[in-house]
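Peer 1: Test case, fold it:
(2 chains)
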Amino acid sequence: MCCLCFSRFPQGLCGLAIACPKLDHNQELYVEKLVQLVDDAKINTLTVMIMQVPCCSGLLALAKKALSQAQRQVPVKAIVVSLQGEILSEEWV
Amino acid sequence: MEKYLNQGIKPLIEQFPVLGDILNKYDIGCTDCTGGSCLLKDVVAIHNVSPQIEADLMYEIEKAIYPERDVVKRVVTEQDLQEKKELKYSPPVKQLVDEHSLILRWLDLVEDVLAYIQVDSEQAWQWIAAGADFSRNYADKLHHSKEEDILFTYVDQSLEIIQVMYEDHDHGRSHIKQVYKAVENQDVELAEKHLLAYRALLREHIKKENEILFPWMDRNLTDTQVGQLFAQFAAVNAELQVDEKYRQFVLEVEDKLKKQVS
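Peer 2: Numbering: from 1, shown residues only, chains lettered A, B, ... in the order given. Reported below is the predicted structural model:
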């Protein structure tokens, strides 16, 4: 399962959204929600945590699409987790 | 060893003079440094040396402090090497590195612009004046202000490396002041002296920031701080709105000088 974390508060508290880019329907709704999070909720950063399987990278593409539509820009970090739960990579994109 | 890692480098070199020689061997010039307030652990971390050099350096330092100990050198793993392979910056720090690239592009043109005085004096002085404006309003007002007013506030500003950055910025400002004077009096010698000194200063300064300071700062920034920095930089960019103007200036000089050569 992939997820998106967004931090909004200086104390480092963060919100969490979970989505599957392969099996969930109406992904445009996710894009709209992300645009709202960036523009209206004014999130500070967006972290996309995905598994190493190829279909999960769709969630990162979805986040990038949302940012291209948003008025504001925020730093995006991608974390890739192995099937065993180890962090394979963690980098700003 | 822990207690020495948390001590200032200058008193440590006084206590163990051989440490100065070891650091010099690895091109870490603490012995020439005027302050020396950096902690030993910061000296090693800030210089962003390769994992193998870090292991060798720490081994030699520990051996010098504890000659009687059977010190074991840390084994560098494949993972260590992968992690250090490429410098990757967080988005706000990357923005500063990109600004450095534009500044370096102008610095690369300086010598040709000065030589152009012999070809078309009026055009060359226009470029020198525009270059001084670029240095003052882009390199300094936009870029150095982001560093001084925002980025450096995220670390201990009394650190030696930060103080050195402030000094470099001040020296740069005084060179540009002289370049303005040279433009006013069409003084070729004065322009050449200060433009070339400014170029040497900033090339070295940018190298220190790109390769040592920024990677070290990035390693210590939390994700929340990265987000805050990004937003603060965006506010400065929106307020000054100078990026495109100066990008065009550098591109124009590059194009015209290139055409001149061909």
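
Peer 1: got the phi/psi numbers for A:I79?
Peer 2: Taking degrees, to the nearest 10, you get phi -120, psi 130 for the backbone angles of A:I79.

Peer 1: Would you pull up the residue in chain A closest to chain B?
Peer 2: Using CB to the nearest CB, the closest approach of chain A to chain B is made by A:N44 at 3.3 Å. To be clear about C-beta, it is placed using only N, CA and C from the backbone, and glycine gets the same treatment.

Peer 1: sec struct for the closest residue to that residue other than its chain neighbours, please.
Peer 2: Nearest non-adjacent residue to A:N44, counting by CB to CB, 6 or more residues apart in numbering or on different chains: B:G227, 3.3 Å away. What DSSP: H, G, I helix; E, B strand; the rest coil gives for B:G227 is helix.

Peer 1: what sits against B:G227?
Peer 2: Residues in contact with B:G227 (CB atoms under 8 Å, 6 or more residues apart in numbering or on different chains) are A:7, A:43-45, A:74-75.

Peer 1: Check B:I22 too.
Peer 2: B:57, B:60-61, B:64.

Peer 1: For the residue of chain A closest to chain B, what are phi and psi?
Peer 2: A:N44 adopts backbone torsions of phi -90, psi -50, taken as degrees, to the nearest 10.

Peer 1: what's the neighbour count on it?
Peer 2: 22 (other CB atoms under 10 Å in any protein chain shown).

Peer 1: ok, it to B:T224 distance?
Peer 2: 6 Å (CB to CB, to the nearest Å).

Peer 1: Repeat that for B:M165.
Peer 2: Taking CB to CB, one finds B:M165 at 24 Å from B:T224.

Peer 1: Among the contacts of B:I22, which one has the most neighbours?
Peer 2: In the contacts of B:I22, the most neighbours by other CB under 10 Å go to B:I61, 23 neighbours.

Peer 1: Surely that residue touches B:I28?
Peer 2: No: judged on CB atoms under 8 Å, B:I61 makes no contact with B:I28 at a distance of 10.8 Å.

Peer 1: tell me the pLDDT at A:L23?
Peer 2: Listed pLDDT for A:L23 reads 87.

Peer 1: Doesn't it belong to a strand?
Peer 2: No: A:L23 is assigned coil when assessed by three-state DSSP, not a strand.

Peer 1: got the contact list for it?
Peer 2: Applying CB under 8 Å, 6+ apart, no residues qualify as near A:L23.

Peer 1: what about it, distance to A:C55?
Peer 2: 9 Å.

Peer 1: For the contacts of B:G227, which single residue is the most surrounded?
Peer 2: Neighbour max across the contacts of B:G227 (other CB under 10 Å) = A:T45, 25 neighbours.

Peer 1: any chance you could map the helices in the stretch 51-200 of chain B?
Peer 2: B:51-65, B:78-84, B:91-115, B:121-134, B:145, B:160-185, B:188-208 (DSSP state H, counting those that start in this stretch).

Peer 1: would a markdown table of those with distance to B:L39 be doable?
Peer 2: A markdown table is the format used below for those (distance: least, CB to CB, whole Å):
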| stretch | distance to B:L39 |
| --- | --- |
| helix B:51-65 | 13 |
| helix B:78-84 | 21 |
| helix B:91-115 | 22 |
| helix B:121-134 | 38 |
| helix B:145 | 28 |
| helix B:160-185 | 10 |
| helix B:188-208 | 19 |
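
Peer 1: nearest to chain A, of those?
Peer 2: helix B:91-115 (4.2 Å).

Peer 1: other SSEs contacting that closest one?
Peer 2: In terms of contacts (3 or more CB pairs under 8 Å, 6 or more residues apart in numbering or on different chains; DSSP states H and E), helix B:91-115 is packed against helix B:121-134, helix B:188-208, helix B:214-220, helix B:223-240, helix B:243-261.

Peer 1: ok but A:L16 is inside a strand, no?
Peer 2: Yes: counting by three-state DSSP, A:L16 falls inside a strand.

Peer 1: Near it, how many other residues are there?
Peer 2: A:L16 has 10 neighbouring residues, counting by other CB under 10 Å.

Peer 1: And for B:G20?
Peer 2: For B:G20, the neighbour count with other CB under 10 Å is 19.

Peer 1: So which residues on the stretch 151-262 of chain B come close to chain A?
Peer 2: B:222-224, B:226-228, B:230-231, B:234 (CB under 8 Å from any CB of the partner chain).

Peer 1: which of those residues are buried?
Peer 2: With neighbours counted by 16 or more other CB atoms under 10 Å in any protein chain shown, these contain buried members at B:223-224, B:226-228, B:230-231.

Peer 1: Closest to chain A out of these?
Peer 2: So of these, ranked by how close each gets to chain A (CB to the nearest CB), first place is B:G227, at 3.3 Å.

Peer 1: What does the pLDDT read for the closest one?
Peer 2: pLDDT, B:G227: 95.

Peer 1: and it, how far is that from B:Y154?
Peer 2: On the measure of CB to CB, B:G227 and B:Y154 end up 12 Å apart.

Peer 1: now B:L142
Peer 2: On the measure of CB to CB, B:L142 and B:Y154 end up 19 Å apart.

Peer 1: Perfect, that will be all.
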